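>>> Predicted model, plus sequence, below.
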Amino acid sequence: MDALPGLIRRAAEAAPFPVGCGHQKRVCNRRSPTLITPHRAGSLAVRIFQALRGLGRHEVSLLLWMTALFGGLWGFMAIAEAVMVQETHALDEALLLALRNPTDPRDPLGPPWLEEVARDLTALGSVGVLALVTVGALVYLLLARRARAAGFTAVAVGGGMLLTNLLKLGFGRPRPDLVPHEAVVYTASFPSGHAMMAAITYLTLAAMLSRIERRWHIKAYLLLVAVCVTVVVGVSRIYLGVHWPTDVLAGWAVGAAWAALCWLIARGVQRK
């Protein structure tokens with residue numbers, strides 16, 4: 001009888017599960033008193049998945065803006081170099097004439113109402129409209145108690161406008177004389193001020209607004225709308241005959257690069 005407790009203890013140690021855990025569907029860790037249940041393991045897996053998903057979204061957005069920055073700078077420099085040596089003149093003429101009536105280059109393709117629509121759309125890149133849109137966004141940011149974001153947005157848009165004027169003065173490319181202008185112009189042709197300022201303003205505003213929005217599909221929608229408006233403004237400038245196609249491409253490139261730079265700076269400041 002004295003040896004019975006020792007036999008029970010040795011039998012318990014040799015069992016596949018410790019005594020008291022066999023019918024509770026638990027895995028007992030002999031080195032630690034902590035019990036790892038299926039419920040706890042499932043919760044841990046969900047947390048790890050959510051963390052990895054958030055990290056993936058963060059890294060993808062960072063990669064996209066970095067690509068826009070360096071890709072835009074490279075694209076602008078390549079286009080500017082080709083324009084300066086007049087390598088793009090033949091292509092510019094062919095694309096500009098492709099949007100005109102073959103029998104009468106003075107007449108843009110399409111019905112008269114399409115010309116009016118193009119004038120309306122090209123106004124989305126004008127100084128007046130961009131100023132109104134920017135002021136509206138700044139008021140929203142102030143009402144949302146994002147004073148720093150509002151100040152940064154104002155500096156980004158204002159700096160982009162200054163950069164646009166400096167580039168126009170530096171290159172001084174004449175406006176197209178191949179077809180009549182369907183809109184009034186005042187400045188040099190390269191790069192397109194409407195295309196560049198549309199990219200700077202709408203992409204910068206979308207980037208700033210997306211930083212205070214947590215839902216990823218709203219972020220994607222804001223950026224998609226900004227890109228679509230920027231593209232429409234640039235195409236309308238070519239259709240109206242007031243810019244060479246390479247002017248618009250250069251404006252898109254440097255505008256996207258500026259917006260990406262502003263986003264990266266805002267991200268760094270916010271993290272600090």
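Great, that's in hand.
>>> now the helices for this structure?
If you assign secondary structure with DSSP state H, the helices in the chain sit at 4-14, 38-84, 89-98, 112-122, 127-143, 147-171, 193-211, 216-239, 245-271.
>>> By mean pLDDT, show me the worst of those.
The minimum mean pLDDT among the helices of the chain belongs to helix 4-14 (a mean of 51).
>>> follow-up on the earlier one: the helices of the chain: which one's closest to residue 182?
Of all these, it is helix 112-122 that lies closest to residue 182, at 6.2 Å by Cβ to Cβ. For the C-beta atoms, the positions are set from N, CA and C on the backbone; glycine is no exception.
>>> Can you give me the distance of residue 262 to residue 97?
For residue 262, the distance to residue 97 under the criterion Cβ to Cβ, to the nearest Å works out to 37 Å.
>>> Deepest-packed of the helices of the chain, please.
helix 193-211 (a mean of 26; mean count of other Cβ atoms under 10 Å).
>>> one step back: which one of the helices of the chain lies closest to residue 177?
Closest approach to residue 177 among the helices of the chain is made by helix 89-98 (10.6 Å; Cβ to Cβ).
>>> Give the burial count for residue 125, as a bare number.
Residues contacting residue 125 under the criterion other Cβ atoms under 10 Å number 27.
>>> So it sits against residue 233, correct?
Yes. Under the criterion of Cβ atoms under 8 Å, residue 125 makes contact with residue 233 at 3.8 Å.
>>> what's the overlap in contacts for those two?
Counting by Cβ atoms under 8 Å, 6 or more residues apart in numbering, the residues touching both residue 125 and residue 233 are 194, 195, 198.
>>> Turn these into JSON lines, including distance to residue 169.
Conversion of the shared contacts of residue 125 and residue 233 to JSON lines gives the following (distance: Cβ to Cβ, whole Å):
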{"residue": "194", "distance to residue 169": "17"}
{"residue": "195", "distance to residue 169": "17"}
{"residue": "198", "distance to residue 169": "20"}
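>>> just how off-centre is stretch 191-205 within its chain?
Mean-position distance between stretch 191-205 and its chain equals 13 Å (Cα atoms, centre = their mean, to the nearest Å).
>>> Please apply the same query to stretch 162-174.
Centroid displacement of stretch 162-174 relative to its chain, using Cα atoms, centre = their mean, is 25 Å.
>>> likewise stretch 172-190?
Once both centres are worked out by Cα atoms, centre = their mean, stretch 172-190 turns out to sit 29 Å from its chain's centre.
>>> Can you tell me how far the residue nearest to the spatial centre of the chain is from residue 176?
Among the residues of the chain, the smallest C-alpha distance to the mean C-alpha position (Cα atoms, centre = their mean) belongs to residue 223, namely 5.3 Å. Distance from residue 223 to residue 176, counting by Cβ to Cβ: 31 Å.
>>> how near is residue 221 to residue 121?
From residue 221 over to residue 121 the distance is 20 Å, taken as Cβ to Cβ.
>>> Then residue 235?
On the measure of Cβ to Cβ, residue 235 and residue 121 end up 8 Å apart.
>>> what do you get for residue 205?
According to Cβ to Cβ, residue 205 and residue 121 sit 18 Å apart.
>>> same deal with residue 71?
Computed as Cβ to Cβ, the residue 71 to residue 121 distance reads 25 Å.
>>> Pretty sure residue 79 sits against residue 253.
Yes. Under the criterion of Cβ under 8 Å, residue 79 makes contact with residue 253 at 6.7 Å.
>>> I'd assumed residue 188 was in contact with residue 243.
No. Shown here, residue 243 and residue 188 do not form a contact pair, counting by Cβ under 8 Å, at 10.5 Å.
>>> between the two, what contacts are shared?
What both residue 243 and residue 188 touch, as defined by Cβ under 8 Å, 6+ apart, is the set residue 175.
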